[in-house]
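Participant: Starting from these lines, generate the structure:
(2 chains)
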Amino acid sequence: MTRAEPRNLRRRLVTPEGVDLGVELGGAGARATAYGLDLLMMLLILVVGSAAMAYLLRPRAAEPMAILWLLGAFALRNGWFILFELGVRGATPGKRALGLRVIARDGVRLTGSAIVARNAVREVEVFLPLTFLIMQAGAQRADAWLAIAALGWSAIFLLFPLFNRDRLRMGDVLAGTWVVRDERRPLGSDLAAASTSRRFTEETLDLYGEYELHALEEVLRAGHGTRLSIVASAIRAKAGLADDGDDAAFLADYYAALCARLERRRVLGRSVADKWQGRG
Amino acid sequence: MSAPTTSSTVAGSRFRAAHEADWTRLDALLARAERRSVRALDDDDLLALPLLYRTALSSLASARATSLDRSLIIYLEQLCARAYFQLYGPAEPAAAQVIRFFRHDWPAAVRGLWRETLAALVLTLAGVIAGYLLVRGEASWFYGLVPDGLAGGRAPGASAATLRATLHPKDEQGMLAVFAAFLFTHNAQIAIFSFALGIAFGVPTALLIAYNGLSLGAMMAVFAGRGVGVEFAQWLAIHGTTELFAVILAGAAGFRIGAALAFPGRQARLDAALDAGRAGATVMLGTVLMLAVAGLLEGIGRQTIDGGNARALIGVVMLGAWLLYFYLPRSRDDAR
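Facilitator: Predicted coordinates:
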């Protein structure tokens, strides 16, 4: 296990073929939202299920209904996270909606015991203090100190992911898992394939490096009118080119030319990280 | 050299031209597999999946080295990651996992926790003795040790006849099954808590285990005080041996986690926590099953079997069966 985790959310995941897939950890906000969604769905199922059972089984004996309800509520509370995370997608519906999934930290397959461990601990992080509070409130015994202790307990564990670089919950620590982003992204169009009517000299292309190229790619893909013209006029001013009135086409051509040049330099072992290096 | 910017000089464009069809196919296959399962794919697609995955992976490796098209690299990264999870992610089929759990994982994990199990057993026995002595000495302790919901008419003031009646229910057999279901969910939740509370260095787990012993001891004191102690023990034994064993094992799992977090020894703390967490989770999952068995014994066995000796016999047999299952030495070949 690597000790020197970087400060950003990108982590190594090396496949058996030796390629680092570079997974990105799920942010705290997305995970909290996913958890909230899951709780909401569980609550909804509990309410709808209880109502349906009460409606369907009321005429007959109350006894099998009570047994069914007790077991059903138990299975829902403890099974929801475990069964969904054991599935192919490795995610509960809430996590799926937020584009997250659970994987093993060492990249090998996720075992059942790891999923059970990470979700059993959730009981203690959140449910235990909550049920304790509700029980005490129901018995008219709730006092302020108890409430503070219960909330403090939960706060420690709920905020725990914010105090380590890998965003691990206590359950993740015990299970050896972490939550990563799992999003489907479409392949963006090929910007470098734009028809190139404009020609640029080497001097105008040596102004920028790969960092600026990526920034330009972002601007082009966003396609925001005023941003395009600001960037275009900045490049023209720096390169000493005349304004031909078509900002988008100018930037597309400049991108294609810059990309080709920087790639060639990269292949020759002289890659240019950013514009400061390009000047040297 | 005046930059001739035809599209073929840009690595990203060449990659796209050469492999985009493969990527699109892989993307479509993954989308189908993710929607249901890998079984949704037919034979041709299944055979193509690893090949397409390797194509995408090698595209990614060379694109990273040569291409500056970031959208392409990000796309390939997520495509490869999704394919990786499909190919390497899902474990063996569910049935095989269940068989391995019962044949190897569960007993092995229980055996691995023998020290913690002994500690939990000692703590329970200490609780029982303390609870017994406390209530025999001063009856009002009972109300502090046994929650109202579980006492159910068994109180220090009750006569021998009342106490005996709670052991041989006649009229409310229906509700007994509900009570058994309630007790199962309650006990299983306690078992999960005592595993998970290990994260607080096992201290709350120890309290839970000791408290469980205390209330049992208090109950015994009440019955023994009226001369129905043996009948109570028989009544308890039919499911109690399984149930107490399960609670002790769940406590042991919690102790293991607490010990790993507090004293990781030669391992790094994170690695120690991981080993303890996975072993503990296996044991804890098993205790939930044991508690379900205990619930069945309580709900069905106790209603149909009224003889004291028969109840005790079942309890002893169950205990022996669990001990044999967990601790009987077995050959190494069914190890992983």
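Participant: all contacts plus neighbour counts: C-alpha atoms, from now on.
Facilitator: OK.
Participant: Output the below-cut-off pLDDT ranges for chain B.
Facilitator: Judged against pLDDT under 70, the low-scoring parts of chain B cover residues B:1-9, B:90-92, B:148-153, B:169-175, B:331-336.
Participant: Walk me through the domains of it.
Facilitator: For chain B, the structural domains run B:7-88, B:95-334, going by automatic domain parsing.
Participant: For A:V124, which of these is the nearest?
Facilitator: domain B:95-334 (6.0 Å; Cα to Cα).
Participant: Can that closest one be said to contact chain A?
Facilitator: Yes: applying Cα under 8 Å from any Cα of the partner chain, one finds domain B:95-334 in contact with chain A at B:174-175, B:177-178, B:181-182, B:185, B:192-193, B:195-197, B:199, B:270, B:273-282, B:285.
Participant: could you flag which of those are buried?
Facilitator: Buried by 16 or more other Cα atoms under 10 Å in any protein chain shown: B:175, B:177-178, B:181-182, B:185, B:192-193, B:195-197, B:199, B:270, B:273-282, B:285, out of the residues of domain B:95-334 next to chain A.
Participant: Which of the residues you listed fall in helices?
Facilitator: Among those, DSSP state H puts B:175, B:177-178, B:181-182, B:185, B:192-193, B:195-196, B:270, B:273-282, B:285 in helices.
Participant: how about stretch A:57-72: buried residues?
Facilitator: Those buried within stretch A:57-72 under the rule 16+ other Cα under 10 Å are A:63, A:65-67, A:69-72.
Participant: Point out where the stretch 1-150 of chain A drops to low pLDDT.
Facilitator: Along the stretch 1-150 of chain A, the model assigns pLDDT under 70 to residues A:1-6, A:58-61, A:135-142.
Participant: Next to chain B in this structure, residues from it, please.
Facilitator: Taking Cα under 8 Å from any Cα, the part of the stretch 1-150 of chain A that reaches chain B is made up of A:15, A:19, A:21-23, A:63-64, A:66-67, A:70-71, A:74, A:87-89, A:108-111, A:113-114, A:116-117, A:120-121, A:123-124, A:128.
Participant: If any of the residues you listed are buried, put those into a PyMOL selection.
Facilitator: To isolate the buried ones among these in PyMOL, judged by 16+ other Cα under 10 Å, type:
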select buried, chain A and resi 15+21+22+23+63+66+67+70+71+74+87+88+89+108+109+110+111+113+114+116+117+120+121+123+124+128
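Participant: Show only the entries of the residues of the stretch 1-150 of chain A next to chain B found in helices.
Facilitator: A:63-64, A:66-67, A:70-71, A:74, A:113-114, A:116-117, A:120-121, A:128.
Participant: So for chain B, the centremost residue is which one?
Facilitator: In chain B, the residue lying closest to the centroid (Cα atoms, centre = their mean) is B:L285, at 2.2 Å.
Participant: Give me the neighbour count for residue 225.
Facilitator: With no chain named, the answer covers chain A. By other Cα atoms under 10 Å in any protein chain shown, the residues close to A:G225 number 12.
Participant: that's the wrong chain, I meant chain B
Facilitator: Counted by other Cα under 10 Å, the residues lying close to B:G225 total 15.
Participant: what about it, distance to B:A48?
Facilitator: As defined by Cα to Cα, to the nearest Å, B:G225 lies at a distance of 75 Å from B:A48.
Participant: ditto for A:R236
Facilitator: Applying Cα to Cα, the value for A:R236 to B:A48 is 49 Å.
Participant: likewise B:I192?
Facilitator: Distance, B:I192 to B:A48, by Cα to Cα: 43 Å.
Participant: Might one say that B:L197 is in contact with B:A206?
Facilitator: No: contact criterion Cα atoms under 8 Å: B:L197 and B:A206 do not qualify, at 9.3 Å.
Participant: do you know which of the domains of chain B lies nearest A:L43?
Facilitator: Short answer: domain B:95-334, nearest of these by Cα to Cα, at 18.1 Å.
Participant: other SSEs contacting the helix or strand hosting B:I257?
Facilitator: In this assignment (DSSP states H and E), B:I257 forms part of helix B:229-262. Packing partners of helix B:229-262 (3 or more Cα pairs under 8 Å, 6 or more residues apart in numbering or on different chains; DSSP states H and E): helix B:114-137, helix B:160-167, helix B:173-196, helix B:203-225, helix B:269-296, helix B:308-327.
Participant: Let me know whether A:A34 touches A:K95 as I believe.
Facilitator: Yes: using Cα under 8 Å, A:A34 is in contact with A:K95, at 4.9 Å.
Participant: So those two - more neighbours on which side?
Facilitator: Neighbour totals were compared for A:A34 and A:K95, and A:K95 leads with 29 against 22 (other Cα under 10 Å).
Participant: Nearest approach to A:G240 belongs to which of the helices and strands packed on helix B:229-262?
Facilitator: Closest among the helices and strands packed on helix B:229-262, using Cα to Cα: helix B:269-296, at 57.5 Å.
Participant: and A:G99, backbone torsions?
Facilitator: As for A:G99, its main-chain torsions (degrees, to the nearest 10) stand at phi 70, psi 50.
Participant: ranking the domains of chain B by burial, who's on top?
Facilitator: domain B:95-334 (a mean of 20; mean count of other Cα atoms under 10 Å in any protein chain shown).
Participant: Name the nearest residue to B:L72, sequence neighbours excluded.
Facilitator: Once flanking residues are discounted, B:L72 sits nearest to A:L187: 6.4 Å by Cα to Cα, 6 or more residues apart in numbering or on different chains.
Participant: which SS class is that neighbour?
Facilitator: Using DSSP: H, G, I helix; E, B strand; the rest coil, the three-state assignment for A:L187 comes out as coil.
Participant: and it, what does it touch?
Facilitator: B:71-72, B:75 (Cα atoms under 8 Å, 6 or more residues apart in numbering or on different chains).
Participant: just A:L83 next, same as before
Facilitator: A:L83 neighbours (Cα under 8 Å, 6+ apart): none.
Participant: Just to be sure, it is in a helix?
Facilitator: Yes: membership of A:L83 in a helix is supported by three-state DSSP.
Participant: Let me know the secondary structure of B:L68.
Facilitator: Going by three-state DSSP: B:L68 is coil.
Participant: what about it, distance to A:D246?
Facilitator: In this structure, B:L68 and A:D246 are 25 Å apart, going by Cα to Cα.
Participant: mind giving me the domain ranges of chain A?
Facilitator: Chain A breaks down into these domains under automatic domain parsing: A:10-181, A:191-279.
Participant: so how far does the longest one reach from one end to the other?
Facilitator: Translated: domain A:10-181. Termini of domain A:10-181 sit 10 Å apart (Cα to Cα).
Participant: can you dump the C-alpha coordinates of stretch A:75-87 into PDB?
Facilitator: Once non-C-alpha atoms are left out, stretch A:75-87 reads as follows in PDB (Å, rounded to 0.1, in the frame of the first residue of the first chain):
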ATOM      1  CA  ALA A  75     -33.900  -7.200   6.000                       C
ATOM      2  CA  LEU A  76     -34.400  -3.700   4.600                       C
ATOM      3  CA  ARG A  77     -32.400  -2.000   7.200                       C
ATOM      4  CA  ASN A  78     -29.400  -4.400   7.000                       C
ATOM      5  CA  GLY A  79     -29.800  -5.800   3.500                       C
ATOM      6  CA  TRP A  80     -30.200  -2.700   1.400                       C
ATOM      7  CA  PHE A  81     -26.600  -1.600   1.300                       C
ATOM      8  CA  ILE A  82     -25.100  -5.000   1.400                       C
ATOM      9  CA  LEU A  83     -27.100  -6.600  -1.400                       C
ATOM     10  CA  PHE A  84     -26.800  -3.700  -3.800                       C
ATOM     11  CA  GLU A  85     -23.100  -3.300  -3.200                       C
ATOM     12  CA  LEU A  86     -22.600  -7.000  -3.800                       C
ATOM     13  CA  GLY A  87     -24.200  -6.600  -7.200                       C
END
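Participant: Might you report the residue contacts of B:L270?
Facilitator: By Cα under 8 Å, 6+ apart, the residues touching B:L270 are A:173-174.
Participant: returning to that earlier point: contacting residues around the residue nearest to the centre of chain B?
Facilitator: With Cα under 8 Å, 6+ apart, B:L285 has these contacts: A:V116.
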